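Engineer: the amino acid sequence is not available; the structure is as follows:
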């Protein structure tokens, strides 16, 4: 049994701008749309939650069966969303921070 | 503050937690009811609900309160008891299936907008059957032994007056073995309130006869208060129609034709109503009050108070090790726990929630200690509800519900359905308090415990909860609807699945989350097809066709389903903007020909400006053209077509478009063709045009099928293409439309057929306008929608090409090319002109050249005459060549004309040719056409030639020429043929000793060679002549070329090319224009590996200059050897000093002679010395230096008479210093004289030349750079004077 993870970057206007199926679990046909459904629905929760806390990292803020959604909301309200079944908060947090840093770099490059 | 009673949950509780009246009836009593199409319970049902009963109730407290709404549940004894699980399941399934029919009709209607949805309440929005479903689901677990509120409070025994021995029947009824298990197994007290009812059917005689007698007997037997008589069927016949038939709503499931309650008249209804009222208010409620009071007393006695509690605890502790029995069989009705439960439930029913709650609390600790979990959960559940009804602590109520829910869940499967009921209540409770989000999660939790169908209903409810939460959580709504839809689909409820998925479109329509989008639309498409609504199905299927992000399997699945649906529809389906294949609109190119025609379609993409500048002088000005051919078309409303383009009847308009298959699945496309509109010239009227242009926007939405308005197919020919695109493949297709009549042609779009099933079409839209401008010939109407063309009658087209033009060649290559023009029409082509963009590389030849043998024709003819200067001053940028007047092309012939081609520099050469022609005796809207040809030639470097000319130290008119050649190719070898000098009467000859350096004169790849030649200026007085004469003298370089005739460089084409070279090299020449040019002719050796055949190459080195170290150079002329009789006198020798000023400035020269010997230092020359020592390498050591050093060094050593004796053996006569002024580039001669006193050899180098140049422009006097001066020592000149011997003789 491998771990499942799906990472999506959602832009401010709710458009997915990056998608990656991560994890070692065997890919199932329906997994792709299922993951999108879960993450898309989790946006509702993230929207509620983002304004209640000053933290960017919203850990395990939504779940669907065994799958947990963690979200990192950037200042520009871009959301880095990770769907995962393992519970390694610190690793996920540092992953998000790293991605955020890269994301900013890429954006700056685009401006230049 | 909300009012719990008014909430949905409150109403449900008031309806469902009500006293049960167990009904036992005889068959005859039932038969009497059956006449009206009802059974007994159904007959009483409408009257078991009392909205305003207004009964005073007093439970344990002294203060009575009044009950307003009350309700009884009448149930047959046989129905009391837990429903069979399977039966309950079937019932629920039936319920859902029935609702599906409604779902289908809902699908047809327009989906509501979000705003209208949100303005509604959740209860109204969600389908009403769900409420029923919830109720029936709860009902399926009623009559559980652990809950007392479902236990019958009273028993109604019904016997018909027709029954024999009715009294005995009453006794029998209750004593049968068919009593529910609750009673028989001791879960509840069998001694319940009994009410005896005698049912009299009025059809069997009036009341008095028998019924009253029986009633009296009953009263004496069972007690007067507990007996009653009810008369029914008072209506004489079936004709009596009841107003407001109260049974209509109840038995809607059976057909109305059975005339429900038709035998019951208004008297009967009143009687029943009264009976029910009495039963509840006079019997049941008082009985319950009494029981509550009694039980409360008992509980207080045994459980209340400190002593009792200790005792209870002590007692329970002892039972700790008792086995856990979930069913809790250990509690009989007589146990204290059961009694407390009955007390609490009765209190709940009579709405004394405080009393109920305190007892539930008491009970819950007991059950918890006893580990009777199901009972514990049941009590917790009721506590939660009691809290809710009291509207007290939200937290407590939720906590209780959660405990109950979780406890039930632990008891799976026994408590699973109970958990569901608990969850439903919990969710309702949350919703009542506005906590929709939490409610949704409860529904979701329930769904995970239930079978798929139930789960689906629960998920649907969860979705509605999300929708109505504040703010609405639409994405959650959508997701849960999808989950519900999936569950419906799994449990074979396609219509419900379809309904839920359709609702999700509110959220998911046009969503950029591609997998979600595909999933929703694909399933909708599939299911619509399943229920037979194919057009809807198609709509959704089309949405998922561009699924290139999906895996191959999925793509295949989507396509197969799509085609299956199309096949099912049984007709050709036309789809606007079909997504497969993808049309790459940015690459669209339109190729058409008006008066400009092209040799190949690739030429069309070139910049129009280049062509226009080329044709500038050749074609008549455009304004006159237009007036010539467009004015004749006065019947065409031309103003409208100002932006239109012109094309010619019978000539195809080509449209180049890329089709790309974004999928991994191969697709086959057939019948790709353009959608065009051709309006014939004749039926073209103003009105027609106006409307049609206005209509375009609407028309474009139509399928192309409807658009074929020109009936005559022969007037327009469209090409059709079939192709198969593999996965991810892109192909370009050249589509053609050929108009056959004059008029206006509009290209609107393109259509194709996918897998022979679906027709896709695409109209060209204005937003492609910007991109289309990339190609110059791409036409776009100003309206931006349509490519429109005016079709006119044009001239026949000339086709042409240049034969044997190499694609790749070497620098210097000289060739004779043939241009072939083909006239396929029946008319004569005349007045031909040709414009060539790069005459440096390509020039037209003479017709005679065609018959000549290349390269022999270049060879020197005996009677060759040099070309005049006729072409001098010709514009050298573009070349306009007018064919001789007699050159025409007759019908169906091919005309050839020679072209000379010479590549003078490496790189990519782009050659533009445009040929202008007119056609004789042909009526047309055009007067001329042009044929445009374009070629690219890749020129590789071959030989690099560098020429350096140095003055000969001994002769003024002779120069040393060094030619350095480097072979830059990697594999080719060249043989040197000839070096010709082009200049003013120059003569070149090889140095005698030089031939041995490279005898074969073949230069291998990478090899370098230097050759030396002597150049002689034959004309002394050439100044003032401006014309360029070629009096070339040639040197044959090929040692083995015996008998080879040198090539004549003074004739065309070499001379022509040379002139162009001169013009081009002028810009790069360092020292400005000079008149010395060289032409090197070599031959490419045959190379078998590269397959190159020998060819002539010519290199032109122009504007070569004599390189001088000093601006002034001179030469002493005079006798070298003299005989003189010194005995007679000293010897006087006359010498001449010729000075040349090669500067561009006037110079004053002073010749200073000195009689002392020259100093040992060679020269203090300012200019020359600085350069000679610092430079290295063989190339840059100049000839003059060599000459100087070889001549100087031995002579200084050998003959330096002046070094030993200070007195010179000769003296300079005449003036010791002569000054002359010289004009720029002039020569002057100064006479010198010496006196020699004795025989010997003298070095006459002891003089100096001092020169000082003055700038020719007096204004630039201050500029020191312009001013130069210097001193040069004299060159050695040896004079030998011998003693004359004739004196001796």
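Structural biologist: The structure has been received and is ready for your questions. Just so it is clear, the structure is predicted and the values come from calculations on it, not from any experiment.
Engineer: ok, residue B:760 - contacts?
Structural biologist: Counting by C-beta atoms under 8 Å, 6 or more residues apart in numbering or on different chains, residue B:760 makes contact with B:574-575, B:577-578, B:580, B:751-754. Where you see a C-beta, it was placed from the backbone N, CA and C, and this is true even at glycine.
Engineer: with residue B:1230 instead?
Structural biologist: Counting by C-beta under 8 Å, 6+ apart, residue B:1230 has contacts B:1136-1139, B:1151, B:1218, B:1220.
Engineer: that one: what secondary structure?
Structural biologist: When classified by DSSP: H, G, I helix; E, B strand; the rest coil, residue B:1230 comes out as strand.
Engineer: give me the buried positions along stretch B:36-49.
Structural biologist: Buried residues in stretch B:36-49, counted by 16 or more other C-beta atoms under 10 Å in any protein chain shown: B:36-48.
Engineer: quick check: mean pLDDT across it?
Structural biologist: Stretch B:36-49 shows an average pLDDT of 82 in the prediction.
Engineer: distance from the chain centre to it, please.
Structural biologist: Offset of stretch B:36-49 from its chain centre (C-alpha atoms, centre = their mean, to the nearest Å): 69 Å.
Engineer: and if you look at stretch B:133-151?
Structural biologist: Stretch B:133-151 sits 60 Å away from the centroid of its parent chain (C-alpha atoms, centre = their mean).
Engineer: re earlier: can you add distance to residue B:549 and give the buried residues of stretch B:36-49 back as JSON lines?
Structural biologist: Shown next, in JSON lines, are the buried residues of stretch B:36-49 (distance: C-beta to C-beta, whole Å):
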{"residue": "B:36", "distance to residue B:549": "66"}
{"residue": "B:37", "distance to residue B:549": "61"}
{"residue": "B:38", "distance to residue B:549": "62"}
{"residue": "B:39", "distance to residue B:549": "61"}
{"residue": "B:40", "distance to residue B:549": "65"}
{"residue": "B:41", "distance to residue B:549": "61"}
{"residue": "B:42", "distance to residue B:549": "59"}
{"residue": "B:43", "distance to residue B:549": "64"}
{"residue": "B:44", "distance to residue B:549": "64"}
{"residue": "B:45", "distance to residue B:549": "59"}
{"residue": "B:46", "distance to residue B:549": "60"}
{"residue": "B:47", "distance to residue B:549": "64"}
{"residue": "B:48", "distance to residue B:549": "61"}
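Engineer: need these in TSV with secondary structure, can you?
Structural biologist: Converted to TSV, these look like this (three-state DSSP):
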residue	secondary structure
B:36	coil
B:37	coil
B:38	coil
B:39	coil
B:40	helix
B:41	helix
B:42	helix
B:43	helix
B:44	helix
B:45	helix
B:46	helix
B:47	helix
B:48	coil
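Engineer: does residue B:29 belong to a helix, a strand or coil?
Structural biologist: Reduced to three states by three-state DSSP, residue B:29 is helix.
Engineer: need the phi and psi values for residue B:937.
Structural biologist: Per-residue torsions, residue B:937: phi -130, psi 130 (degrees, to the nearest 10).
Engineer: look up how far residue B:844 lies from the residue nearest to it when sequence neighbours are not counted.
Structural biologist: In this structure, residue B:937 finds its nearest non-sequential neighbour in residue B:909, 4.6 Å apart by C-beta to C-beta, 6 or more residues apart in numbering or on different chains. Between residue B:909 and residue B:844 the distance is 17 Å, computed by C-beta to C-beta, to the nearest Å.
Engineer: same check on residue A:109?
Structural biologist: Distance, residue A:109 to residue B:844, by C-beta to C-beta: 56 Å.
Engineer: the two: who's more crowded?
Structural biologist: Taking other C-beta atoms under 10 Å in any protein chain shown, residue A:109 and residue B:844 do not tie; residue B:844 has more neighbours (22 against 8).
Engineer: ok, the contacts of residue B:1230 vs chain A, which is closest?
Structural biologist: For the contacts of residue B:1230, the minimum distance to chain A (C-beta to the nearest C-beta) is 67.7 Å, reached by residue B:1139.
Engineer: for the closest one, list each beta-bridge partner.
Structural biologist: Beta-bridge pairing for residue B:1139 (DSSP bridges): residue B:1114, residue B:1228.
Engineer: what number of residues lie near it?
Structural biologist: By the criterion of other C-beta under 10 Å, residue B:1139 has 20 neighbours.
Engineer: contact partners for residue 70?
Structural biologist: Chain wasn't specified; assuming chain A. Applying C-beta under 8 Å, 6+ apart to residue A:70 gives the contacts A:57-61, A:81-82, A:84, A:89, A:92, A:96.
Engineer: wait, chain B was what I had in mind.
Structural biologist: Contacts of residue B:70 (C-beta under 8 Å, 6+ apart): B:18, B:50, B:53, B:55, B:280, B:285.
Engineer: for the first one, helix, strand, or coil?
Structural biologist: Residue B:18 falls in the coil class when you classify it by three-state DSSP.
Engineer: spatially nearest residue to it, not counting backbone neighbours?
Structural biologist: Distance criterion C-beta to C-beta, 6+ apart; nearest residue to residue B:18, sequence neighbours excluded, is residue B:71 at 4.4 Å.
Engineer: touching, that neighbour and residue B:47? I think so.
Structural biologist: No. At 10.6 Å, residue B:71 does not count as touching residue B:47 under the criterion of C-beta atoms under 8 Å.
Engineer: how close does the residue nearest to residue B:18 sit to residue B:280?
Structural biologist: 9 Å.
Engineer: between the two, tell me which one has more neighbours.
Structural biologist: A count of neighbours by other C-beta under 10 Å puts residue B:280 above the other of residue B:71 and residue B:280, at 24 against 17.
Engineer: that one in helix, strand or coil?
Structural biologist: Going by three-state DSSP: residue B:280 is helix.
Engineer: mind checking which of the contacts of residue A:70 are in strands?
Structural biologist: Residues of the contacts of residue A:70 located in strands (DSSP state E): A:57-61, A:81-82, A:84.
Engineer: in a markdown table: those residues, plus pLDDT, distance to residue B:299 and neighbour count.
Structural biologist: Listed next are those as a markdown table, based on pLDDT from 0 to 100; distance: C-beta to C-beta, whole Å; neighbours: other C-beta atoms under 10 Å in any protein chain shown:
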| residue | pLDDT | distance to residue B:299 | neighbour count |
| --- | --- | --- | --- |
| A:57 | 90 | 55 | 18 |
| A:58 | 87 | 51 | 22 |
| A:59 | 84 | 50 | 16 |
| A:60 | 84 | 47 | 13 |
| A:61 | 84 | 48 | 18 |
| A:81 | 91 | 56 | 27 |
| A:82 | 91 | 57 | 20 |
| A:84 | 88 | 54 | 22 |
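Engineer: which one of the residues you listed is nearest residue B:375?
Structural biologist: Nearest to residue B:375, judged by C-beta to C-beta, of these is residue A:60 at 35.9 Å.
Engineer: so what's residue 73 closest to, chain neighbours aside?
Structural biologist: Chain wasn't specified; assuming chain A. Of all residues not flanking residue A:73 in the chain, residue A:50 sits nearest, at 4.8 Å (C-beta to C-beta, 6+ apart).
Engineer: other chain: chain B
Structural biologist: Closest to residue B:73 by C-beta to C-beta, 6+ apart is residue B:20, at 4.9 Å.
Engineer: what about whichever residue of the stretch 301-450 of chain B sits closest to chain A, how many residues nearby?
Structural biologist: At 7.8 Å from chain A, residue B:448 is the closest residue in the stretch 301-450 of chain B, using C-beta to the nearest C-beta. Residues near residue B:448, counting by other C-beta under 10 Å, number 11.
Engineer: for it, what are its contacts?
Structural biologist: Remark: with contacts taken as C-beta under 8 Å, 6+ apart, residue B:448 is in contact with A:65, B:455.
Engineer: likewise for residue A:79?
Structural biologist: Residue A:79 sits in contact with A:9-10, A:43, A:46, A:71-73, where contact means C-beta under 8 Å, 6+ apart.
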